[in-house]
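# let's see this in three dimensions:
(2 chains, ligands or ions: 2)
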2 protein chains.
Amino acid sequence: GKPPDATDNANYFCEYAFLYHQMDMLEDAHRTGAYFNAITWNPASFKDKVVLDVGAGTCILSIFAAKAGAKEVFAVEATDMAIRGRKIVEAQGMGHIIKVLQGTVETVTLPSKVDVIISEWMGYLLLRESMLDSVLIARDRFLKPGGALFPSHATLYLAPVGAAKACREKQQSFDGERQHWEDFNGTMRKWYGTDFACMRDEFLEEQRKYYLQTGMFVNLSPKQLVGDGSPLLRLDLLTATLEDLKGADKPCTCSMRISKDTQIEGFVGYFDVDFSGSKENPAKEEVQLTTAPTTETATHWGQQLFGFYPPLQARSGDTLKGTIWIKRQKKNHRLLHLEASFELGQSGQVRDKREDSWFVD
Amino acid sequence: GKPPDATDNANYFCEYAFLYHQMDMLEDAHRTGAYFNAITWNPASFKDKVVLDVGAGTCILSIFAAKAGAKEVFAVEATDMAIRGRKIVEAQGMGHIIKVLQGTVETVTLPSKVDVIISEWMGYLLLRESMLDSVLIARDRFLKPGGALFPSHATLYLAPVGAAKACREKQQSFDGERQHWEDFNGTMRKWYGTDFACMRDEFLEEQRKYYLQTGMFVNLSPKQLVGDGSPLLRLDLLTATLEDLKGADKPCTCSMRISKDTQIEGFVGYFDVDFSGSKENPAKEEVQLTTAPTTETATHWGQQLFGFYPPLQARSGDTLKGTIWIKRQKKNHRLLHLEASFELGQSGQVRDKREDSWFVD
Ligand SMILES: Nc1ncnc2c1ncn2[C@@H]1O[C@H](CSCC[C@H](N)C(=O)O)[C@@H](O)[C@H]1O
Ligand SMILES: Nc1ncnc2c1ncn2[C@@H]1O[C@H](CSCC[C@H](N)C(=O)O)[C@@H](O)[C@H]1O
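Numbers count the residues shown, from 1 in each chain, chains lettered A, B, ... in the order given. Ligands and ions are numbered 1, 2, ... in the order given. I've put the predicted structure just below:
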């Protein structure tokens, strides 16, 4: 059965009420540094402006906006972290600028519209958590015409992965479950005279979903890729609609160019966000936050890895074309489900085809 | 805020819908073997009887009851596991005896009252999950006068623990968080000009709860105890009331005798259940299932370990007296909260006293 949205929400918000979780995010220097730069390097975009911080948490972004010269900041946070955010704001002596409002941005009332919306809403594979919904709703409720969103754009990329130890380990664990099943069924028959054979296929199906069809958190280095990342989805936050996010009407597509003769054991998803402001209020210093594979310290998002079982056999110059429906899971609309088909080949010749689906849990 | 009970339920039932989780329980040979023995060694208690299986899962207990000669078994299961249970029942050729009903036992309707209720409802520290509530409700709704419950009795014990590596590791992790905080606050000040000092105490409080005030899953061997287990709570399932379980009116007490000069680094909770039937329908062969520390393979419940920080200093012949309120957590009524006070000493002399509280999450 489908749990009510209230359940998804209660579970979702629960974690954000803990300081250790907010600190995990704050300690991600790529993340927090990118927001710090995007806001404080662009005082022209914030000076004397009214700002809304969607999902303020500890109010760190509101504090950056105040440092950049904002006249008034509404820091909206659903969880009890709002109470702590208020204390942190007071401790910076910014209580006269930043107004902390506890509640969801969908239901809160503000005394005025705002010039700028700041928010850190990104989840694994960009869209997990579905918090961007809340930002778009806030935009439609509160952003003045010509106002700007920070970040302003987001792009989700896919890139092909060569040898992937994580995928091979999952395959081994899954293979181990076949033997586990035989042992289990043997025990049940011998000790309790009960035959579970009719459950074998359902059990293996369950284990396949768990081991082979669930995205894995990884931090890859660029040399594990066998081709450049290719954009799957580009969002202009000023114009994107909730329907775009629910993506039910059309799939996303991307073409990944393969750079050598290789096995392709899987693909990763990662994202960039850009802080460009709006046409009327452009950022003078454009900042980008990327979660792409790197040799430096990774962000706390890492990348999401999805395996091909068995791997694809690719040749240099091949193109791996993906057609992907990014859906929300029925049992929890904050989690994702990818339905994908891939074609591998070159010069109009398709040498391998795959249809599969993966969960981002 | 307090999530609605619907949320606790949705989360609670979610896991039981997976075969791997049902298999984990089935593969616990102490557990499943005890139920098998209690039921099939006592055909007199089941022959031609009408039986209710509360929370049937894969219907394994219903199958045992049918093997023991039951005339009719109602297997009530809330999750979609009911659909699989029905298939498993059919595969044993028992579809004419076992009727699988999907729903909660609180809301299901049965065509008749029953002679025996069988159920495996025990959680960590006996009461976690609060599923015993459902068994008592089923008893009051469906059990005939003179009917029997399998199991019929449950006892929760506490026992004193000497050297406990797990406690020391938690203390170390907690101590590490002090340094973590200094590093965090230093970074926030230096890079972002933001001072989080006002959150230090709340952070350490949060970490204390997590590391020091949360029960740990352990499998102890008897030689790690420094005194015998002492009963904290005894329940006769035929007469226990929901009020007894909610335990809000009076605390439980127990006295643990210390057998040597030693540090006491913590205490464990574990339980027994007895399958004795009722006065009118007694089990001829009494079976007991225990989760006490053992040198043999442990049950999947293990024991729950709670630490004293710092440890107590005990002498041989001391008594450790505990007065303990077993409460339900406000944020999730299926989880527990212990509020405890302990006194250590002998001959009427109290040498150490502690008041503390622990969560069973
Ligand atoms: N619809 C909504 N209304 C209000 N707060 C929300 C929300 N959806 C998510 N949030 C909050 O948004 C926060 C996202 S995490 C980001 C926290 C902070 N802005 C920072 O950058 O460090 C969480 O604290 C979460 O509780
Ligand atoms: N109130 C309720 N009504 C119906 N089923 C319930 C219930 N509370 C818990 N359950 C179910 O009870 C089961 C407990 S686990 C025990 C399963 C099985 N009897 C066995 O011994 O192997 C779970 O499958 C859970 O979904």
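# now do the strands in the stretch 101-250 of chain A.
Counting by DSSP state E, counting those that start in this stretch, the stretch 101-250 of chain A has these strands, from start to end: A:114-119, A:143-150, A:153-161, A:216-218, A:230-236.
# what's the most buried one of these?
Among the strands of the stretch 101-250 of chain A, strand A:114-119 has the highest mean neighbour count (mean count of other Cβ atoms under 10 Å in any protein chain shown), at a mean of 25. Where you see a C-beta, it was placed from the backbone N, CA and C, and this is true even at glycine.
# from the middle of its chain, how far away would that strand be?
Relative to its chain's centre, strand A:114-119 lies at 21 Å (Cα atoms, centre = their mean, to the nearest Å).
# and that strand with strand A:143-150, angle?
Counting by axes from the mean of the first three to the mean of the last three Cα atoms, to 10 degrees, strand A:114-119 lies at 40 degrees to strand A:143-150.
# name the helices or strands packed onto strand A:114-119?
Secondary-structure packing of strand A:114-119 (3 or more Cβ pairs under 8 Å, 6 or more residues apart in numbering or on different chains; DSSP states H and E): strand A:50-54, helix A:60-67, helix A:132-142, strand A:143-150.
# what pLDDT does whichever residue of chain A sits closest to ligand 1 get?
Ligand 1 sits closest to residue A:55 of chain A, with a gap of 2.1 Å, by Cβ to the nearest ligand atom. As predicted, residue A:55 sits at a pLDDT of 98.
# now do the contacts for it.
Shown in contact with residue A:55 (Cβ atoms under 8 Å, 6 or more residues apart in numbering or on different chains): A:16, A:76, A:77, A:78, A:105, A:119, A:120, A:121, A:131, A:134.
# pLDDT weak spots in the stretch 251-361 of chain A?
Applying pLDDT under 70 to the stretch 251-361 of chain A picks out no residues at all.
# same thing but at 90, please
Counting by pLDDT under 90, the stretch 251-361 of chain A shows low-confidence ranges at A:330-333, A:348.
# can you tell me the residue of it closest to chain B?
residue A:331 (8.0 Å; Cβ to the nearest Cβ).
# now for that residue, how many residues are close by?
15 (other Cβ atoms under 10 Å in any protein chain shown).
# for residue A:190, same thing?
Using other Cβ under 10 Å, residue A:190 is surrounded by 9 other residues.
# look up how far residue A:240 lies from it.
59 Å (Cβ to Cβ, to the nearest Å).
# sorry, back to before: okay if I get the helices and strands packed on strand A:114-119 as a markdown table plus distance to chain B?
Listed next are these as a markdown table, based on distance: least, Cβ to the nearest Cβ, whole Å:
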| stretch | distance to chain B |
| --- | --- |
| strand A:50-54 | 14 |
| helix A:60-67 | 6 |
| helix A:132-142 | 18 |
| strand A:143-150 | 16 |
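# check which residues of stretch A:13-31 are buried.
The neighbour-count check on stretch A:13-31 (16 or more other Cβ atoms under 10 Å in any protein chain shown) flags A:13-14, A:16-19, A:22-23, A:25-26, A:28, A:30-31 as buried.
# narrow the residues you listed to those in helices?
A:13, A:14, A:16, A:19, A:22, A:23, A:25, A:26, A:30, A:31 (DSSP state H).
# residues contacting the residue lying closest to the fourth one once chain neighbours are set aside?
With sequence-adjacent residues excluded and distances taken as Cβ to Cβ, 6 or more residues apart in numbering or on different chains, residue A:19 is closest to residue B:203, at 4.8 Å. In this structure, residue B:203 makes contact with A:19, A:20, A:23, B:177, B:181, judged by Cβ under 8 Å, 6+ apart.
# tell me how far residue B:203 lies from ligand 2.
Distance of residue B:203 to ligand 2, computed by Cβ to the nearest ligand atom, to the nearest Å: 36 Å.
# for residue A:30, same thing?
Computed as Cβ to the nearest ligand atom, the residue A:30 to ligand 2 distance reads 43 Å.
# and that residue, what does it touch?
A:289, A:290, A:291, A:297, A:299.
# hmm, 7 Å instead?
Applying Cβ atoms under 7 Å, 6 or more residues apart in numbering or on different chains to residue A:30 gives the contacts A:289, A:299.
# I figured residue A:67 was touching residue A:40, is that so?
Yes. Counting by Cβ atoms under 7 Å, residue A:67 does reach residue A:40; the two are 5.6 Å apart.
# now stretch A:80-96: buried residues?
Neighbour-count burial for stretch A:80-96 [16+ other Cβ under 10 Å]: A:81, A:82, A:84, A:85, A:86, A:87, A:88, A:89, A:91, A:92, A:94.
# check which helix or strand residue A:312 maps to.
strand A:303-314 (DSSP states H and E).
# up against ligand 1, what does chain A have?
Residues of chain A lying near ligand 1 by Cβ under 6 Å from any ligand atom: A:13, A:16, A:25-26, A:55-58, A:60-61, A:76-79, A:81, A:104-106, A:120, A:131, A:134.
# any idea where the helices of chain A begin and end?
Using DSSP H, the helices of chain A run over A:5-16, A:19-26, A:29-40, A:43-46, A:60-67, A:81-91, A:132-142, A:165-192, A:200-212, A:242-246.
# relative to the strand holding residue A:312, what are the paired strands and their orientations?
strand A:216-218 (antiparallel), strand A:262-277 (antiparallel) (DSSP bridges).
# quick check: residue A:258 touching residue A:159?
No. Residue A:258 is not in contact with residue A:159 according to Cβ under 7 Å; the separation is 10.6 Å.
# residues shared between the contacts of those two?
Common neighbours of residue A:258 and residue A:159 are listed as residue A:227 (criterion: Cβ under 7 Å, 6+ apart).
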